[in-house]
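Engineer: Below: sequence and its predicted model.
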Amino acid sequence: MRIATWNVELSRKGPGLLLRDITAGKDPQIKAVGEILDQAQADVLLLTGIDWDYDGRALAALNATLARPYPYLYAPQPNAGLRSGADLDGNGALGEARDAQGYGRYQGQGGMALLSRLPIETKSVRDFSTLLWRDLPQSTISNAQLSDRAQAVQRLSSVGHWDVPVALADGQALHLFAFAATPPVFDGPEDRNGWRNHDEAAFWLRYLDGDLAQAAPKPPFVLMGDFNIDPQDGEGRRAALHTLLSDPRLQDVTPQSLGGKLAADVAHKGDPAQDTADYNGPGNLRVDYVLPSAGLTVTRSGVIWPAPGAALAKAAARASRHKLVWVDILAP
């Protein structure tokens with residue numbers, strides 16, 4: 001069973017434009033995304049950075065372009081672009097992209113979606129996206145210098161935090177812990193996004209530790225998504241990430257690629273083969289993760305970042321700055 005996550009960066013400047021581009025069938029980025037997805041052949045796929053619409057038409061249209069469309073789709077309304085009614089960034093203006101619950105100039109800009117070949121148990125999904133940041137146990141919101149009004153409405157999730165069970169052949173469920181965190185940059189000295197990014201990752205520690213109102217499910221599970229922070233390089237508050245990567249309840253199998261290795265940043269400390277994003281400013285970083293629970297047997301893993309001149313190299317470069325991360329597990 002192949003589990004994968006990918007920030008496809010399929011976001012446009014206005015609502016409905018992604019659907020327009022998909023249905024037109026001429027957009028080179030969308031064609032490249034399809035090439036990568038067809039090659040990846042994931043059984044369960046989390047897409048982040050994809051525009052959401054109320055009827056799921058853009059996601060359905062993208063799915064229909066694939067050689068093997070997925071029979072099960074899940075994409076509830078994200079916090080991205082959801083108006084908060086408050087001046088969340090404290091600049092004295094209301095209704096701006098950074099005043100939304102998650103950055104977005106319109107509702108659903110840069111959401112996330114789950115595509116699966118296994119049945120999604122929708123009635124058992126837990127969506128924690130409405131949890132207020134201040135209500136997270138051991139929250140660091142007091143460090144972010146938000147106004148009282150902002151603290152009263154600011155949700156923790158910039159996009160969403162989901163626990164989505166998919167049905168296995170033997171009747172068990174594999175729980176998919178999915179999220180996409182805010183980047184720990186694009187703020188001021190208060191480091192609002194840095195603290196929030198930390199707590200978006202720390203949410204899963206609180207969940208697994210039993211600190212929330214709902215107890216975490218028993219294994220097997222997979223934690224996956226765009227954590228938007230590298231273990232060693234770039235900006236960010238890494239304590240929660242380091243705790244997750246070393247948590248005995250999870251496995252970090254460090255998926256790698258030759259393309260990432262060959263594109264190494266000399267000044268970086270981390271292993272370039274593990275990088276998952278090709279940024280111009282901060283350089284290449286590992287920000288996308290698939291972490292299976294400890295009891296699952298991992299057989300292979302990788303990052304689709306081909307070496308220059310290799311098959312799919314042009315498609316991977318055209319599709320997104322992020323690269324698809326995959327892990328193969330034996331079904332429990």
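Structural biologist: Received the coordinates, thanks.
Engineer: next one: phi and psi at the residue lying closest to residue 114 once chain neighbours are set aside?
Structural biologist: In space, residue 114 comes closest to residue 74 once its chain neighbours are excluded; the distance is 4.3 Å by C-beta to C-beta, 6 or more residues apart in numbering. Bear in mind the C-beta positions are built from the backbone N, C-alpha and C, glycine included. With angles defined as degrees, to the nearest 10, residue 74 sits at phi -140, psi 120.
Engineer: confidence score at residue 74?
Structural biologist: Looking at residue 74, its pLDDT reads 98.
Engineer: In this structure it contacts residue 118, no?
Structural biologist: No - in this structure residue 74 lies outside contact range of residue 118 using C-beta atoms under 8 Å: 11.4 Å.
Engineer: how close does the residue of the chain most remote from its centre sit to residue 196?
Structural biologist: Most distant from the centre of the chain: residue 92, at 30.2 Å, with distances by C-alpha atoms, centre = their mean. Distance, residue 92 to residue 196, using C-beta to C-beta, to the nearest Å: 20 Å.
Engineer: What distance do you get for residue 47 to residue 263?
Structural biologist: Residue 47 is 23 Å from residue 263, by C-beta to C-beta.
Engineer: Comparing the two, which residue is more hemmed in?
Structural biologist: residue 47 (25 against 17; other C-beta atoms under 10 Å).
Engineer: Now do the buried residues in the longest helix seen in the chain.
Structural biologist: The helix spanning the most residues in the chain, taking DSSP state H as the definition, is helix 192-209. Using 16 or more other C-beta atoms under 10 Å as the test for burial, helix 192-209 gives 192-208.
Engineer: cool, and stretch 292-304?
Structural biologist: Buried, per 16+ other C-beta under 10 Å, within stretch 292-304: 292-293, 296, 301-304.
Engineer: Repeat that for stretch 136-146.
Structural biologist: Buried, per 16+ other C-beta under 10 Å, within stretch 136-146: 136, 139-141, 144, 146.
Engineer: and of the residues you listed, the nearest to residue 216?
Structural biologist: Residue 216 lies nearest to residue 136 out of these, by C-beta to C-beta, at 14.6 Å.
Engineer: That closest one touches residue 206, doesn't it?
Structural biologist: Yes - assessed by C-beta under 8 Å, residue 136 is found in contact with residue 206 at 6.3 Å.
Engineer: Mutual contacts of those two, please.
Structural biologist: Counting by C-beta atoms under 8 Å, 6 or more residues apart in numbering, no residue touches both residue 136 and residue 206.
Engineer: Low-confidence regions, the stretch 151-300 of the chain specifically.
Structural biologist: Within the stretch 151-300 of the chain, no range satisfies pLDDT under 70.
Engineer: if we go to 90?
Structural biologist: Flagging of the stretch 151-300 of the chain using pLDDT under 90 yields the residue ranges 170, 188, 281.
Engineer: Show me where it has its strands.
Structural biologist: Ranges of strands in the stretch 151-300 of the chain, per DSSP state E, counting those that start in this stretch, are 161-167, 173-180, 221-226, 277-278, 284-285, 288-292, 298-303.
Engineer: Make TSV from those and add distance to residue 238 to it.
Structural biologist: Formatted as TSV, those follow (distance: least, C-beta to C-beta, whole Å):
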stretch	distance to residue 238
strand 161-167	19
strand 173-180	17
strand 221-226	16
strand 277-278	16
strand 284-285	12
strand 288-292	13
strand 298-303	20
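Engineer: Nearest to residue 152, out of those?
Structural biologist: strand 161-167 (19.7 Å).
Engineer: Could you give me the buried positions within that closest one?
Structural biologist: By neighbour count with 16+ other C-beta under 10 Å, strand 161-167 contains the buried residues 161-167.
Engineer: what's the answer for stretch 113-133, then?
Structural biologist: 113-118, 120-121, 125-126, 128-129, 131, 133.
Engineer: How about stretch 238-245?
Structural biologist: Across stretch 238-245, burial judged by 16+ other C-beta under 10 Å covers 238, 240-241, 244-245.
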